[in-house]
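K.L.:
sequence below, structure please.
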Amino acid sequence: MKLTKKRKEVNPKVEPDKLYSVDEAAALVKEVNTAKFDASVDMHIRLGVDPRKADQALRGTVSLPHGTGKSKKVLVLCSPDKEAEAQAAGADYVGLDEYVQKINSGWIDMDVVIATPNVMAKVGALGRILGPRNLMPNPKTGTITMDVAGAVSEVKKGKISFRVDKFGIIHCSVGRVSFAPEQLVGNISEVISTINRMKPASAKGIYWKSAYIASTMSPSVPFDVKSISGL
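P.N.:
Here you go, the predicted structure:
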């Protein structure tokens, strides 16, 4: 991929072989951003786990203290008695059969799908479409629940889900370039602390192999997980 002039200018600001503290990385990722829009800041963490083993296939949720900086579109699939509750909580789309049909026809204009347990017989058939996009409701992420109001509210406030991929890497958004460095640090720390608590007992060797943050279209900045307070 051909580098832009701006990218060539900022690349040297990330020192090769240097492992930054989380505070340094949060400030630097803003400095080397080249996007003209309010780009997403994403974190990429490589863990010393074997995702082929059930207990090491980490998956969970975390509520970012400073939110994601993005308004997420939420679809609630539920029975009619729960529709008013979901709508009052701020869900963007609410229903069942209509949306099952739309999804089967290729519609995926949502960021999170929440479902009540009593409709999972119909929702389960959407797994081949929603699963690969990490949109399938799951009790582990709190997206299969009768408390649809609480689930919608948490997502709107900044709750995100994550899971380790087949390479042992977790990718997740921790804010936007417009965030202050301390806001990015707060969100990063919350994610890292959550994953640290989830360390599988069967995982051997080094747990934190590498960690980077990067904004869209900009160089990634490696940081030392151990620089996070409380770890």
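
K.L.:
ok, now which ones touch A211?
P.N.:
Residues near A211 by CB atoms under 8 Å, 6 or more residues apart in numbering: 43-46, 192, 222-225. Every C-beta, even on glycine, is put in place using the N, C-alpha and C of the backbone.

K.L.:
now these: which count as buried?
P.N.:
Neighbour-count burial within the contacts of A211 applies to 43, 45-46, 192, 222-225; the criterion is 16 or more other CB atoms under 10 Å.

K.L.:
so which of those residues are in strands?
P.N.:
Among the buried ones among the contacts of A211, the members found in strands (DSSP state E) are 43, 45-46, 222.

K.L.:
dump those residues into a markdown table; add distance to E182 and pLDDT as well.
P.N.:
Output for these, formatted as a markdown table (distance: CB to CB, whole Å; pLDDT from 0 to 100):
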| residue | distance to E182 | pLDDT |
| --- | --- | --- |
| M43 | 16 | 97 |
| I45 | 20 | 97 |
| R46 | 25 | 97 |
| P222 | 20 | 96 |
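
K.L.:
can you redo those residues as JSON lines with distance to T61?
P.N.:
Below are these laid out as JSON lines (distance: CB to CB, whole Å):
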{"residue": "M43", "distance to T61": "15"}
{"residue": "I45", "distance to T61": "16"}
{"residue": "R46", "distance to T61": "20"}
{"residue": "P222", "distance to T61": "26"}
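
K.L.:
for the protein, what spans make up the strands?
P.N.:
Under DSSP E, the chain gives strands at 40-47, 59-63, 74-77, 93-95, 112-115, 159-163, 169-176, 208-215, 221-222.

K.L.:
pick the most deeply packed of those strands.
P.N.:
Comparing those by mean neighbour count (mean count of other CB atoms under 10 Å), strand 74-77 ranks first with a mean of 27.

K.L.:
for the most centrally placed residue in the chain, give me the pLDDT.
P.N.:
With distances taken as CA atoms, centre = their mean, C172 lies nearest the centre of the chain, 3.6 Å away. pLDDT, C172: 94.

K.L.:
output the lowest mean pLDDT helix or strand found in the chain.
P.N.:
helix 5-10 (a mean of 83; mean pLDDT, DSSP states H and E).
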